[in-house]
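Asker: need coordinates for the following:
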Amino acid sequence: MPENLFHPVEIGPVKLARNLTLAPMHRRTSLAFRLIARQFGASLTHTEMATPEELLRWERHRGGNRRKGGNLLASVPEDRPLGVQILPLRGSPLAEAVAMVAALGAGDLIDLNFAGPSKRIAGEGCGAVYLRDPEPAVRFVEAAVRAAGPLPVTVKLRYG
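Answerer: Prediction:
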């Protein structure tokens, strides 16, 4: 690939050497996979998408069973900067989960997922469903920004 395609990027205080990132992938973006992506040039990686409840369960039961939160936030210094992707659900404790991630220093930015167009995700009242009714999404973003402190908050959108 031509080197002129790559350039530094800043997302608030997060400085990336290159504009090459690894997006979250369900059941794929484990710590080991993220470290491999970094060997191939990714400057930023993300955790798997998690609901606020999963993240809070992780905090209470660190190292527990994967299906109950497990190692969602496992990281090492070589895995930084790291984005934590959260799927906001109506009625979920989003602000509490974002504040917990920020307080633990578990990530360098918060990424809110408003992109899932699948019937399974949208059918649960989250993901791309917010594109039809954006007011709850705006409230989620405002709450996340307040709770994140110095961490930048990004949003993933996809029309489906």
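Asker: got the buried residues for stretch 12-19?
Answerer: 14, 16 (16 or more other C-beta atoms under 10 Å). C-betas here are computed from N, CA, C, even on glycine.
Asker: next one: stretch 4-14
Answerer: Neighbour-count burial for stretch 4-14 flags 11, 14 (criterion: 16+ other C-beta under 10 Å).
Asker: what's next to it, contact-wise?
Answerer: Residues from elsewhere that reach stretch 4-14, judged by C-beta atoms under 8 Å, 6 or more residues apart in numbering: 15-20, 41, 43-44, 81, 108-109, 150-152, 154.
Asker: again, but for stretch 132-148
Answerer: Contacts for stretch 132-148 (C-beta under 8 Å, 6+ apart): 86, 88, 90, 94-96, 98-99, 101-102, 110, 112, 114, 130, 153, 155.
Asker: gap between the nearest residue to residue 114 once chain neighbours are set aside and residue 139?
Answerer: Leaving out its chain neighbours, the residue that sits closest to residue 114 by C-beta to C-beta, 6 or more residues apart in numbering is residue 130, at 4.8 Å. Going from residue 130 to residue 139 by C-beta to C-beta, to the nearest Å gives 10 Å.
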